[in-house]
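*Asks:* Predicted structure and sequence below. I'll ask about it afterward.
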Amino acid sequence: MKLALIGFGTVGQGLAEILRDKAADLQDKEGFDAQIVAVVTRARGSLYRPDGLDIPALLGAMERGSLSHYPDQTGLQRDWDAAKIARESSADVLVEVSPSNLQTGQPALDLCYAALDSGKHVVLANKGPVAAAYGELRQRAEKAGKRLLFEATVMAGTPSLRLGMQALVGCKIAEARGILNGTTNYILTRMEGGMSYAEALAQAQQLGYAEADPTADVDGWDAAAKAIILSAALFNQRLTFEDMDVKGISQITAQDIEAARAAGQRWKLIARVTPEGGSVQPLRLPNDHPLASVSGSTNAVTYSTDLLGEVTLVGSGAGRQQTGFGLLSDLLDIHRLWRS
Ligand code: HSE
């Protein structure tokens, strides 16, 4: 399976590391053999080689600051831009891991269309295109007969979408609610331990949890985008940010945290979506509430179903390896269908 990566930051490098470290295992277990044939970044160069790029050399070049440090190899192109790679490269799958533009989904959205229209599957960790244009993307994928997968967009590699869209497909889901942003949950947890808001945010950035622009996290928009994606995936509904009631955690003070603690409660940023609409709100939950004990960058989602009652999934919500794994799970899904 030949992959073209659009973006090569935390998440793209996380996927590359997994492919490097698990190559033998994945070959053994699944007969899965993936090759990165293209990597494009916004400011750190681009590489395309139809016979495959060397993963350790790619990671080494980025450690030195740019893909320009990647050694010369026969057949290597350094001047293909993202649009040309999406359309003309020999990749089987376009992997979109550039920073999310939650409003328009661009420029990633057009690249996804170009990839689908030219016969490539599309796998995303970038939330922008899915939140902004799920319906159109789905249609384009169906028309092209290609897969469109985006497990990594909600709860990183924790299989929230696969659970809702596949395992629970025979149930009617009335509501999904939970903690869908790792950065804010990490900040709230650290503030409970006495750390300042600013320091906790800086740590979340350092650990690779936060978005390139962390206001998307702390103001609730990242969680809202995930709620929009869940709503599209589960309810086939096209919510926009304007339809949602969104509030983040940037106004929560050390005093608010302490007041909750004294009352046996914890602040959590709770996203909720039903077929009628959605919201993101900081709420004080009693300590014995199931979501109150979900701490750090861990996320959780509870699906309210007709046949099983409540089904809750708890797991990693952000991070290099965790999100890289989400992408891998989609690639393996495509591979399995290929094989059968
Ligand atoms: N910034 C996001 C978060 C990354 O903190 O949850 C995962 O989507």
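*Replies:* Structure's in. What do you need?
*Asks:* ranges for the strands of this structure?
*Replies:* 2-6, 35-40, 46-48, 93-96, 121-124, 148-149, 173-179, 245-246, 265-274, 277-286, 298-305, 309-316 (DSSP state E).
*Asks:* May I see these organised as JSON lines, with mean neighbour count and distance to Thr158 added?
*Replies:* For glycine as for every other residue, the C-beta is placed from the backbone atoms N, C-alpha and C. Below are the strands of the chain laid out as JSON lines (neighbours: other Cβ atoms under 10 Å; distance: least, Cβ to Cβ, whole Å):
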{"stretch": "strand 2-6", "mean neighbour count": "25", "distance to Thr158": "22"}
{"stretch": "strand 35-40", "mean neighbour count": "25", "distance to Thr158": "24"}
{"stretch": "strand 46-48", "mean neighbour count": "23", "distance to Thr158": "31"}
{"stretch": "strand 93-96", "mean neighbour count": "28", "distance to Thr158": "19"}
{"stretch": "strand 121-124", "mean neighbour count": "29", "distance to Thr158": "16"}
{"stretch": "strand 148-149", "mean neighbour count": "22", "distance to Thr158": "15"}
{"stretch": "strand 173-179", "mean neighbour count": "22", "distance to Thr158": "11"}
{"stretch": "strand 245-246", "mean neighbour count": "16", "distance to Thr158": "22"}
{"stretch": "strand 265-274", "mean neighbour count": "23", "distance to Thr158": "15"}
{"stretch": "strand 277-286", "mean neighbour count": "18", "distance to Thr158": "19"}
{"stretch": "strand 298-305", "mean neighbour count": "22", "distance to Thr158": "7"}
{"stretch": "strand 309-316", "mean neighbour count": "15", "distance to Thr158": "3"}
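*Asks:* can you tell which of these is closest to the ligand?
*Replies:* Set against the ligand and scored by Cβ to the nearest ligand atom, the strands of the chain come closest in strand 298-305, at 6.9 Å.
*Asks:* can you give me the offset of that closest one from its chain's centre?
*Replies:* Distance of strand 298-305 from its chain centroid, counting by Cα atoms, centre = their mean, to the nearest Å, is 16 Å.
*Asks:* what's the answer for stretch 180-200, then?
*Replies:* 20 Å.
*Asks:* same check, this time on stretch 290-306
*Replies:* With Cα atoms, centre = their mean, you get 17 Å for stretch 290-306.
*Asks:* Do it and the ligand come into contact?
*Replies:* No - between stretch 290-306 and the ligand, judged by Cβ under 6 Å from any ligand atom, nothing touches; the nearest distance is 6.8 Å.
*Asks:* Export that stretch to PDB, keeping only CA atoms.
*Replies:* C-alpha atoms of stretch 290-306 as PDB (Å, rounded to 0.1, in the frame of the first residue of the first chain):
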ATOM      1  CA  PRO A 290     -18.300   7.900  35.400                       C
ATOM      2  CA  LEU A 291     -16.800  10.800  33.400                       C
ATOM      3  CA  ALA A 292     -15.400  12.500  36.500                       C
ATOM      4  CA  SER A 293     -12.600  10.000  36.800                       C
ATOM      5  CA  VAL A 294     -11.500  10.300  33.100                       C
ATOM      6  CA  SER A 295      -8.300  12.300  33.600                       C
ATOM      7  CA  GLY A 296      -5.300  13.800  31.800                       C
ATOM      8  CA  SER A 297      -5.400  13.500  28.000                       C
ATOM      9  CA  THR A 298      -7.700  10.500  28.200                       C
ATOM     10  CA  ASN A 299     -11.100  10.900  26.500                       C
ATOM     11  CA  ALA A 300     -14.400   9.100  26.800                       C
ATOM     12  CA  VAL A 301     -17.600   8.800  24.800                       C
ATOM     13  CA  THR A 302     -20.900   7.300  25.900                       C
ATOM     14  CA  TYR A 303     -23.400   6.100  23.300                       C
ATOM     15  CA  SER A 304     -27.000   5.900  24.500                       C
ATOM     16  CA  THR A 305     -28.500   3.000  22.500                       C
ATOM     17  CA  ASP A 306     -31.900   1.400  22.300                       C
END
